[in-house]
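Visitor: turn this into a structure:
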Amino acid sequence: MRNLLFAAVMLMSAVAYGQPDTLQLVGGGLSGGDSRKVAYEKINDNDIWLSDSIDAVGSIGSDNADSIAVHLGRLDNGVDSLAAHDTKINTNIQSAADNADSVAVHLGRLDEGVDSLAVHLGRLDDGVDSTAVHDGKINTNISDIETNTDKLVLFDTAYVALSADSATIPIMVGNTRSLGMFRQANIWHMFGGFEDSAAVISITEDQYSMVTNAAGDLWKGIEVDGFSMSGDTMTIDNAGDYIGSVSITFTCTNSNVCRFHVYNVTDAAEEGFAVGATGDGASDYVTVTKPLYFENVSAGDEFVLRCTNVDASNDITVRFGAYFLTYLHD
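Guide: Next up is the predicted model:
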């Protein structure tokens, strides 16, 4: 600024002294330490170039104006950009507000899930105990089977605790296969007989007479379960099918055919088939054996052994006898 004032003073001096009215200053002469010297020398030489410097300054101002305008334009655009960003921010804020409900719902689900997990974990914990109990039972049962523990006895004890009525025994439906020994605690059965007897059976030809003695106690029951023996008459206590065998040793008149059979007193019918043998005199013993199969008998049915001589009314003397009978199935 001081350089500009100095140039103006010098211009006025030059005009006053009749110097040319053209003042020019070399570009850059107004800025810097040498501007006054240059201006002074030029004034003394009667030439001053001031216009180039002024034009240069003006040009710089014009160029800067464009730059300022551009920057203002950027700022204006920035205003729009800020407005757009505000809109985005507001939209996002609104979206966040809308999502608040969803977040709350999810939190509720998470809370419920925690409760649900707690319940399931509780069940799993209980299940661990239950599994341990079942494992214990299974291992115990396996051990019992391996050591042939009498499970039927345990079953019978449990059954008796339920009811004393044999009709309430639980029934297993379907086929059963045992790959090992089957141990049965009990079954209805009977075993007995007699020996060294000289009991004489009075015979009418071809008519049956009961095999007994005068006292009515010829046949003995050594093992009796589900049966009874009284007056040489056997009674079956439970209905069903039974199997067994009876044999008898006797003496009879030589060449007389003697026959034996089992008779159902209750039904008044022969049970099964008769067997026979030919007598060989008073001193020779003859033995006959009869298989027994009692089919579909009723509880309380009574049975006796009978014999006859089909050739004559000759008596039969019984010497030995043995029998067994056991329950087979319903």
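Visitor: can you confirm Thr287 is in a helix?
Guide: No - per DSSP: H, G, I helix; E, B strand; the rest coil, Thr287 lies outside any helix segment and is strand.
Visitor: tell me who's in contact with it.
Guide: Contact partners of Thr287, counting by C-beta atoms under 8 Å, 6 or more residues apart in numbering, are 247-250, 277, 320. For every residue, glycine as well, the C-beta is placed using N, CA and C.
Visitor: reformat these as CSV; add secondary structure, pLDDT and neighbour count.
Guide: CSV is the format used below for these (DSSP: H, G, I helix; E, B strand; the rest coil; pLDDT from 0 to 100; neighbours: other C-beta atoms under 10 Å):
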residue, secondary structure, pLDDT, neighbour count
Ser247, strand, 98, 15
Ile248, strand, 98, 26
Thr249, strand, 98, 18
Phe250, strand, 98, 23
Ala277, strand, 97, 18
Phe320, strand, 98, 15
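Visitor: from these, pick the one nearest Val200.
Guide: Phe250 (10.3 Å; C-beta to C-beta).
Visitor: so that closest one sits against Asp284, correct?
Guide: No - contact criterion C-beta atoms under 8 Å: Phe250 and Asp284 do not qualify, at 10.3 Å.
Visitor: show me the common contact partners of those two, please.
Guide: With C-beta under 8 Å, 6+ apart, Phe250 and Asp284 have no common neighbours.
Visitor: now do the helices in the stretch 151-300 of the chain.
Guide: Along the stretch 151-300 of the chain, the segments classed as helices by DSSP state H, counting those that start in this stretch run 151-162.
Visitor: on that earlier part again, closest one of the contacts of Thr287 to Met234?
Guide: The closest of these to Met234 turns out to be Ile248 (C-beta to C-beta; 14.5 Å).
Visitor: for the closest one, name its beta-bridge partners.
Guide: Val288, Gly321 (DSSP bridges).
Visitor: contacts only, for it.
Guide: Counting by C-beta under 8 Å, 6+ apart, Ile248 makes contact with 211, 260, 287-288, 305, 307, 318, 320-321.
Visitor: rerun at 7 Å
Guide: Neighbour list for Ile248: 260, 288, 318, 321 [criterion: C-beta atoms under 7 Å, 6 or more residues apart in numbering].
Visitor: over to Ala118?
Guide: Residues near Ala118 by C-beta under 7 Å, 6+ apart: none.
Visitor: part of a helix, is it?
Guide: Yes - checked against three-state DSSP, Ala118 lies within a helix.
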